[in-house]
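Asks: Sharing a model that was predicted from the sequence below.
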Amino acid sequence: MKKKYKKLILSIVLDALGFIPIPFIDVVWAPLTSYIMINMYKGKEGKIAGIVSFLEEILPLDVIPTFTLMWIYTYVINKEDDKEIEVIENV
């Protein structure tokens, strides 16, 4: 299975965990999701997504699938795989 699809599955699982309404867990979950997001998606986009993820989890906005949206941005909108292929072909 390609790395990008493993990230998609992980993104869906993390978003599902974030939807579980357990009081006071967001205090721990928000920084953890931010850390995971920054490490899953490198660069400026990952840092911005980490901040958005933190805010989404710490505030009562737990209905936004932040990880899945970042995956869609990275692999569908930004077409990250195509860029990696072009770099390899140009070498």
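Replies: In hand now; what should we look at?

Asks: Show me what counts as buried in stretch 27-37.
Replies: 29-30, 33-34, 36-37 (16 or more other Cβ atoms under 10 Å). The C-beta positions use only the backbone N, C-alpha and C, and glycine is treated the same way.

Asks: Relative to the whole chain's centre, how far out is the helix or strand containing S53?
Replies: In this structure, S53 sits in helix 43-58 according to DSSP states H and E. On the basis of Cα atoms, centre = their mean, to the nearest Å, helix 43-58 sits 8 Å off its chain's mean C-alpha point.

Asks: Could you tell me the average pLDDT over that helix, please?
Replies: Average pLDDT, helix 43-58: 92.

Asks: what helices or strands is that helix leaning on?
Replies: On a contact count with 3 or more Cβ pairs under 8 Å, 6 or more residues apart in numbering; DSSP states H and E, helix 43-58 meets helix 26-40, helix 66-72.

Asks: now the ones you listed as CSV including distance to E80 and mean pLDDT?
Replies: Formatted as CSV, those follow (distance: least, Cβ to Cβ, whole Å; pLDDT from 0 to 100):
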stretch, distance to E80, mean pLDDT
helix 26-40, 12, 92
helix 66-72, 10, 94
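
Asks: how about those helices in CSV, adding distance to I58?
Replies: Below are the helices and strands packed on helix 43-58 laid out as CSV (distance: least, Cβ to Cβ, whole Å):
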stretch, distance to I58
helix 26-40, 4
helix 66-72, 12
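
Asks: Nearest to I12, out of those?
Replies: helix 66-72 (5.9 Å; Cβ to Cβ).

Asks: residue nearest the centroid of this protein?
Replies: F67 (3.0 Å; Cα atoms, centre = their mean).

Asks: Not counting its neighbours along the chain, what's nearest that one?
Replies: Spatial nearest neighbour of F67, chain neighbours left out: S11 (3.6 Å); criterion: Cβ to Cβ, 6 or more residues apart in numbering.

Asks: Sticking with that neighbour, tell me its helix or strand.
Replies: S11 belongs to helix 3-19 when assigned by DSSP H and E.
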